[in-house]
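In: Following is a predicted model, sequence given first.
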Amino acid sequence: MKALLLKGKNEWRTMKVEEIDRPRPQKGEVVGEVHAVGLNPVDYKTATGGNPNWEYPHILGLDVAGTIYETGEGVTDWRKGDRVVYHCDFNKKGGFAEYAVTTAHTISRIPDSVSFEEAAALPTAGYTAYQALFRKLPLSSIDTILIHGGAGGVGGFAVQLAKLAGKKVISTASAKNHDYVLSLGADLVIDYQHEDVKERVMEWTDGHGVDAVLDTVSRDSATASLDMIAYNGHIAHIAGAPDYSRIKPFTKVISYHEVALNAIHHNHDRIAEKDLARIGDEFLALVAEKKILPLLERVISLEEVPNALEELSKRHVKGKMVAKLK
């Protein structure tokens, strides 16, 4: 089969499509015929630093959509030809290839009204946003939420989900992306490059602060956000924990929530792993019902992935890019 091969640590810019053997499923696994794969920052980040669990050549690509090609022993719920999407364990070989293998209990069925390209745009970013809002934050007690990076994948999905849940949504984005983030449902978008984010947040909330923050940017951004959170508020972070020492104990009593979607694969907790499939099912239903946009901005070829990851590494890409294989 054809696959985009990572030959060594930090060699993702020079990946080439080559021929390797097709994978075979073990007990409880399925092999999928890959139709589309989503691109994510974690692809170039993990490829840059390497992973001790990898054997080279390695295959990147966490967000895989396609059809079941072969099932392993003990798999009874899936049949050849079923349309599926899944979030891959980044310790294992991914989906930038004609065929890919994963565990059967972590995949979700793609509704007929959702394309393979749209489905592949969802898992890493969409499921992370969904996990943050519906598995971590006590959303029923939250009125106003600040979502950093509303033009990106996680941020863009989170803005839509929070608005769908009836929340008042503030987001940050560069000026060129303000209209885009507003179109996703944000009530206020702040230009983080030229405006004082804290000042705008406190002004918009009448000095109260927001009930919750979802930080998708960095540890520094998460730390700065602590000063914008109201008493008894919450912060969920995906790119580094804030400096908790900034808040004195027994003052604002903020709750902190770490969000790490891929950690589901690492604990060998089948209940948690099955929840990944449930998140996918719930998220795909929202996309099929046109309640959530898949944020698909660009479809590229497998050969174009290295250049697209280079562009993604500059952190100014809007929405989602997907590589189409079929």
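Out: Alright, I've got the coordinates.

In: so where is the stretch 151-300 of the chain shaky, pLDDT-wise?
Out: Counting by pLDDT under 70, the stretch 151-300 of the chain shows no low-confidence range.

In: how about the strands in it?
Out: Assigned by DSSP state E, counting those that start in this stretch, the stretch 151-300 of the chain shows strands spanning 168-173, 188-191, 210-215, 229-237, 255-258, 296-300.

In: okay, the ones you listed, which one's buried deepest?
Out: Of all the strands of the stretch 151-300 of the chain, strand 210-215 has the most neighbours on average by mean count of other CB atoms under 10 Å, namely a mean of 28. (C-beta placed from N, C-alpha, C; glycine too.)

In: who does that one touch, helix- and strand-wise?
Out: For strand 210-215, the packing partners by 3 or more CB pairs under 8 Å, 6 or more residues apart in numbering; DSSP states H and E come out as strand 144-147, helix 153-164, helix 219-225, strand 229-237.

In: and the ones you listed as TSV, adding distance to residue 184?
Out: Shown next, in TSV, are those (distance: least, CB to CB, whole Å):
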stretch	distance to residue 184
strand 144-147	10
helix 153-164	5
helix 219-225	19
strand 229-237	18
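
In: Mind checking those for the one nearest to residue 104?
Out: In terms of CB to CB, the element of the helices and strands packed on strand 210-215 nearest to residue 104 is helix 153-164, at 25.4 Å.

In: Output stretch 15-22 as CSV - backbone C-alpha positions only.
Out: What follows is stretch 15-22 as a C-alpha-only set of coordinates in CSV (Å, rounded to 0.1, in the frame of the first residue of the first chain):
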residue,chain,number,x,y,z
MET,A,15,8.2,12.8,4.2
LYS,A,16,7.5,11.0,0.9
VAL,A,17,4.8,8.6,-0.3
GLU,A,18,6.2,5.1,-0.6
GLU,A,19,5.1,1.5,-0.7
ILE,A,20,4.9,-0.6,2.5
ASP,A,21,3.0,-3.7,3.6
ARG,A,22,-0.7,-3.4,4.4
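
In: Quick one: end-to-end distance for stretch 262-281.
Out: Length of stretch 262-281, first residue to last, CA to CA, to the nearest Å: 17 Å.

In: Return the set of buried residues in that stretch.
Out: Neighbour counts using 16 or more other CB atoms under 10 Å place 262, 264-265, 273, 275-277, 279-280 of stretch 262-281 among the buried residues.

In: out of the residues you listed, which are inside helices?
Out: Counting by DSSP state H, the buried residues of stretch 262-281 place 273, 275-277, 279-280 in helices.

In: Export those as TSV, with columns for distance to residue 176.
Out: TSV is the format used below for those (distance: CB to CB, whole Å):
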residue	distance to residue 176
273	39
275	37
276	34
277	37
279	31
280	32
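
In: Mind checking the helices and strands packed on strand 210-215 for the one nearest to residue 299?
Out: helix 153-164 (15.1 Å).

In: now for the closest one, which elements pack on it?
Out: Helices and strands touching helix 153-164, by 3+ CB pairs under 8 Å, 6+ apart, are helix 128-131, strand 144-147, strand 168-173, helix 178-183, strand 210-215.

In: what residues does the fourth one touch?
Out: To tie it back to what came earlier, the one meant is helix 178-183. Here helix 178-183 makes contact (CB atoms under 8 Å, 6 or more residues apart in numbering) with 150-151, 155-156, 159, 171, 173, 189, 191, 318.

In: ditto for the first one
Out: Under the contact criterion CB under 8 Å, 6+ apart, helix 128-131 has outside partners 154-155, 157-158, 161, 214, 238, 259, 261, 279, 282-283.

In: Same question for the third one.
Out: Contacts of strand 168-173 with the rest of the structure, by CB under 8 Å, 6+ apart, involve 143-151, 155, 159, 162-163, 180-181, 185-192, 197, 201, 204, 210.

In: Buried ones among these?
Out: Neighbour counting by 16+ other CB under 10 Å classes 144-151, 155, 159, 162-163, 180-181, 185-186, 188-190, 192, 197, 201, 204, 210 among the contacts of strand 168-173 as buried.

In: In contact with the nearest residue to residue 172 once chain neighbours are set aside, which residues?
Out: Taking CB to CB, 6 or more residues apart in numbering as the measure, residue 172 lies nearest to residue 192, with 4.3 Å between them; neighbours along the chain are not counted. By CB under 8 Å, 6+ apart, the contact list for residue 192 reads 148, 172-174.

In: Repeat that for residue 217.
Out: Contacts of residue 217 by CB under 8 Å, 6+ apart are 148-149, 239.

In: Isn't residue 317 up against residue 300?
Out: No: the pair residue 317 / residue 300 is not scored as a contact, 11.8 Å apart, by CB atoms under 8 Å.
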